[in-house]
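With the sequence up front, the predicted model follows.
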Amino acid sequence: MKHLLTIFVLLLALTCCTTEADRNRMRAALDSINGRNQSGQPFTVKDVQPYVEFFDEHGTPNDRLLAHYLLGLAYYDHGEAPMALQCYQDAADCADTTAADCNYAQLCRVFAQMAQVFYEQGLYREQLVYQRLSSKYAWIGKDTLAALMSYEQESQAYRNLNMPDSLLYICEHVSQLYRNYGYPHYAAIALYSTLSTLIHRQEFGKAKQNMQIYESESGYFDSLGNIQKGREIYYKIKGLYFLHTNVLDTAEYYFRKELHDGKDYNNQNAAATGLSEFYQHLNLPDSSAKYALYAYTMLDSLYAQRTTKEVERMQAMYDYTRHQKIAQQEKERASDEKSKRQFTIALLVLIVIVASRIIYTMYEEKKKKQAQYLQNLEELEQTQTEVLQLRVHAEEYEELIAKKESLLKEQSLKLQEQQKKSLQDHAAKEKHIKESAIYQCLQKKQFGQKLTVQELQDCRKLVLEALPEFNNLLISKQYKISVKDFNVCMLFRLGFKSKEVSNMLDITQGRVSQICSKLLHDVFKKDKGGVAELTEILYELY
């Protein structure tokens with residue numbers, strides 16, 4: 001009891017302490033999930049939740065910042081935008097911006113993700129707030145590219161807020177900044193968002209200049225001037241440029257190119273709208289109406305697609321209060337369970353120690369009983385073999401046979417008493433036979449190779465153990481069958497064919513057939529029949 005109490009106290013102390021090794025192990029696991037995120041591999045809320053709980057208690061501000069950020073990404077990837085926003089806000093609250101080692105790059109990503117959620121929710125002014133915070137902390141963290149990319153994303157909000165002047169300023173300014181800091185690829189891409197506004201304002205010179213930069217430096221075009229798949233909407237913009245500058249053949253070419261290359265509803269609608277405007281410009285009302293109708297059809301499909309996404313967005317908003325309630329319940333549950341967990345662990349260890357002692361004692365007792373059972377089985381098999389052999393010389397050894405048969409009966413009763421609690425039904429007996437070592441060994445013998453004396457002995461032990469009624473009938477004094485007769489019956493009952501039995505016992509198939517006929521007549525009182533009939537009868541004996 002003194003030792004058990006010592007173990008109990010030590011375990012309780014261990015459960016109350018978190019070592020630096022524990023923190024390092026948990027940090028490594030969290031970094032692994034972050035690596036999966038950066039490589040585009042999926043992860044779930046359940047993957048991240050344990051680390052949030054651990055680092056909320058034992059982590060640094062940067063640990064908590066990363067854990068809550070990854071939890072937000074998991075919610076976001078599963079379409080739960082409100083919960084994602086809550087996690088991102090929790091992550092931002094974890095950051096210690098007064099500390100010298102504050103992870104500003106991570107904080108920048110948190111605010112960028114929040115801005116993305118607000119953009120997808122149609123909350124563009126909120127998007128602007130968080131894009132600016134993202135850019136601010138990227139500059140503080142000296143991540144120039146991230147700062148410029150966050151700044152550029154403001155143009156999305158201005159487009160949706162119908163503020164073209166702000167959009168043009170942002171795109172042109174950030175393009176120049178990209179170029180100044182050595183990012184010409186990004187500088188060219190930033191100018192794309194200016195094209196529609198410039199064409200609408202008829203500033204064709206600037207539009208042409210920006211298109212040339214975009215096509216030559218963005219990296220989105222091949223040597224033939226074809227844009228990357230998924231960006232075909234650019235052909236609509238270029239077609240409008242040529243339409244409004246009266247280069248009509250080229251305008252039609254780009255409208256039709258988008259119609260051919262861009263297979264989604266958005267591209268089909270844009271291309272059809274451009275062609276309708278083109279034919280209207282040529283004063284061909286029938287053709288204009290044709291493409292206007294097609295554009296309307298594509299717009300209807302596009303609207304249905306967007307409506308589905310809007311329903312999903314509203315569903316996520318509807319679920320927000322449910323998630324908040326769940327989160328609060330989980331927080332309370334975690335607080336309650338924390339105080340219980342240490343006691344439970346220690347109690348379980350104590351139970352395991354006591355149970356282990358009991359199980360060990362039971363195991364030793366069972367081991368002794370099994371050893372005694374195997375010894376009895378060995379003695380019974382030996383006695384039975386002697387009886388069968390002595391019956392060949394029945395008259396000469398009649399008294400000895402009687403003694404052996406008496407001993408055999410006594411041993412059989414003793415063994416059957418031990419068998420009462422096992423192998424209660426036929427299915428269990430058959431399973432026991434099939435899983436026995438000797439049966440598996442015989443199955444591997446090709447074409448029934450001749451059995452050794454030990455293998456025959458193991459077979460008889462198996463029959464004694466699993467098929468006591470079968471064994472008792474055949475060994476009965478009144479039939480006086482020989483060892484060979486018994487072995488034939490035994491092998492047929494174990495499932496072997498006539499040819500295999502012949503090979504296993506090294507006798508001819510004709511001899512096997514004679515033994516079968518003899519056994520059917522002497523033991524089972526059948527005047528006709530052979531191997532099949534005998535096997536069928538034997539399988540009914542248990």
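Nice, thanks for sending it over.

Just to check, Gly274 is in contact with Lys236?
Yes: under the criterion of CB atoms under 8 Å, Gly274 is in contact with Lys236, at a separation of 5.3 Å. Yep, even glycine has a C-beta here, placed from its N, CA and C like the rest.

shared neighbours of those two, anything?
The contact sets of Gly274 and Lys236 overlap at Tyr254, Phe255, Glu258 (CB atoms under 8 Å, 6 or more residues apart in numbering).

and the last one, what element?
Per DSSP states H and E: Glu258 is located in helix 248-261.

chain center to that helix, what's the gap?
Taking CA atoms, centre = their mean, to the nearest Å, one finds helix 248-261 lying 47 Å from the centre of the chain it belongs to.

residues near the residue nearest to Ala74 when sequence neighbours are not counted, how many?
Spatially, and ignoring its direct neighbours in sequence, Ala74 is nearest to Val45 (4.6 Å; CB to CB, 6 or more residues apart in numbering). Around Val45 sit 18 other residues, with neighbours defined as other CB atoms under 10 Å.

Could you tell me which residues make contact with Val45?
With contact taken as CB under 8 Å, 6+ apart, Val45 is in contact with Leu71, Ala74, Tyr75, His78.

Quick one: buried ones out of these?
With neighbours counted using 16 or more other CB atoms under 10 Å, the contacts of Val45 contain these buried positions: Leu71, Ala74, Tyr75.

from these, which single one is nearest Glu435?
Proximity to Glu435 was ranked across the buried ones among the contacts of Val45 by CB to CB; first place goes to Ala74, at 46.4 Å.

After the helix or strand hosting that closest one, heading C-terminal, what element do we hit next?
Ala74 belongs to helix 61-77 when assigned by DSSP H and E. Past helix 61-77, further along toward the C-terminus, the next helix or strand under DSSP H and E is helix 81-94.

got the angle between whatever helix or strand comes next after that next one and helix 81-94?
The C-terminal neighbour of helix 81-94 among helices and strands, as given by DSSP H and E, is helix 104-120. Using axes from the mean of the first three to the mean of the last three CA atoms, to 10 degrees, the interaxial angle of helix 104-120 with respect to helix 81-94 works out to 150 degrees.

what's the angle between helix 104-120 and helix 61-77?
Put simply, helix 104-120 runs at 20 degrees to helix 61-77, going by the same axes, to 10 degrees.

what's the offset of helix 104-120 from the middle of its chain?
Going by CA atoms, centre = their mean, the spacing between the C-alpha centre of helix 104-120 and its chain's C-alpha centre is 29 Å.

tell me which strands and helices that helix is in contact with?
helix 61-77, helix 81-94, helix 124-140, helix 144-160 (3 or more CB pairs under 8 Å, 6 or more residues apart in numbering; DSSP states H and E).

Let me see the mean pLDDT of the first one.
Averaged across helix 61-77, the pLDDT comes to 93.

May I see the buried residues of it?
When burial is assessed from 16+ other CB under 10 Å, helix 61-77 yields the following buried residues: 61-76.

What are the boundaries of the helices in the stretch 201-350 of the chain?
Per DSSP state H, counting those that start in this stretch, the stretch 201-350 of the chain has helices spanning 204-217, 234-244, 248-261, 265-281, 285-318, 320-390. These are given in chain order.

least reliable of those helices going by mean pLDDT?
helix 285-318 (a mean of 66).

May I ask which of the shared contacts of Gly274 and Lys236 has the most neighbours?
With neighbours taken as other CB under 10 Å, the top of these is Phe255, carrying 28 neighbours.

give the contact list for Tyr279.
Taking CB under 8 Å, 6+ apart as the criterion, Tyr279 is in contact with Pro285, Ser287, Ser288, Lys290, Tyr291.

sec struct for Asp527, please.
Recorded secondary structure, Asp527: coil (DSSP: H, G, I helix; E, B strand; the rest coil).

Can you give me the neighbour number for it?
By the criterion of other CB under 10 Å, Asp527 has 7 neighbours.

go on, Ser436?
The criterion is other CB under 10 Å. On that basis, Ser436 has 18 neighbouring residues.

Gln382 versus Ile481, what's the distance?
Using CB to CB, to the nearest Å, Ile481 is found at 18 Å from Gln382.

again, but for Gln86
Gln86 sits at a distance of 78 Å from Gln382 (criterion: CB to CB).

contacts for stretch 94-111?
Residues outside stretch 94-111 that contact it (CB under 8 Å, 6+ apart): 61-62, 64-66, 68-69, 72, 88, 91-92, 130-131, 133-135, 137-138, 140-141, 143, 146-147, 150.

and that stretch, average pLDDT?
Along stretch 94-111, the predicted local confidence has a mean pLDDT of 93.

can you map out the helices along the stretch 401-542 of the chain?
Counting by DSSP H, counting those that start in this stretch, the stretch 401-542 of the chain has helices at residues 426-435, 437-443, 453-466, 468-475, 483-493, 498-505, 509-522, 531-538.

chain center to the fourth one, what's the gap?
The reference is to helix 468-475. Its chain's average C-alpha position is 53 Å from that of helix 468-475, according to CA atoms, centre = their mean.

hey, C-alpha coordinates of stretch 504-521 in PDB?
Extracted in PDB, the C-alpha atoms of stretch 504-521 (Å, rounded to 0.1, in the frame of the first residue of the first chain):
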ATOM      1  CA  MET A 504      -1.100 -40.000 -45.400                       C
ATOM      2  CA  LEU A 505      -1.400 -43.500 -44.100                       C
ATOM      3  CA  ASP A 506       0.700 -45.100 -46.900                       C
ATOM      4  CA  ILE A 507      -2.000 -47.600 -47.900                       C
ATOM      5  CA  THR A 508      -3.800 -48.100 -51.200                       C
ATOM      6  CA  GLN A 509      -7.100 -46.400 -52.100                       C
ATOM      7  CA  GLY A 510      -8.600 -49.800 -52.500                       C
ATOM      8  CA  ARG A 511      -7.600 -50.600 -48.900                       C
ATOM      9  CA  VAL A 512      -9.200 -47.300 -47.800                       C
ATOM     10  CA  SER A 513     -12.500 -48.300 -49.600                       C
ATOM     11  CA  GLN A 514     -12.400 -51.700 -47.900                       C
ATOM     12  CA  ILE A 515     -12.000 -50.100 -44.400                       C
ATOM     13  CA  CYS A 516     -14.900 -47.700 -45.200                       C
ATOM     14  CA  SER A 517     -17.200 -50.600 -46.200                       C
ATOM     15  CA  LYS A 518     -16.200 -52.600 -43.100                       C
ATOM     16  CA  LEU A 519     -16.800 -49.700 -40.700                       C
ATOM     17  CA  LEU A 520     -20.200 -48.900 -42.300                       C
ATOM     18  CA  HIS A 521     -21.200 -52.500 -41.800                       C
END
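
Okay, buried residues for that stretch please.
When burial is assessed from 16+ other CB under 10 Å, stretch 504-521 yields the following buried residues: Met504, Leu505, Ile507, Val512, Ile515, Cys516, Ser517, Leu519, Leu520.

What is the most widely separated pair among the residues you listed?
For those, with distances taken as CB to CB, the pair at the greatest spread is Met504 and Leu520 (20.6 Å).

What lies in contact with stretch 527-540?
Outside stretch 527-540, the residues within contact range by CB under 8 Å, 6+ apart are 470, 489, 492-493, 498, 512-513, 516-517, 519-521, 524, 526.
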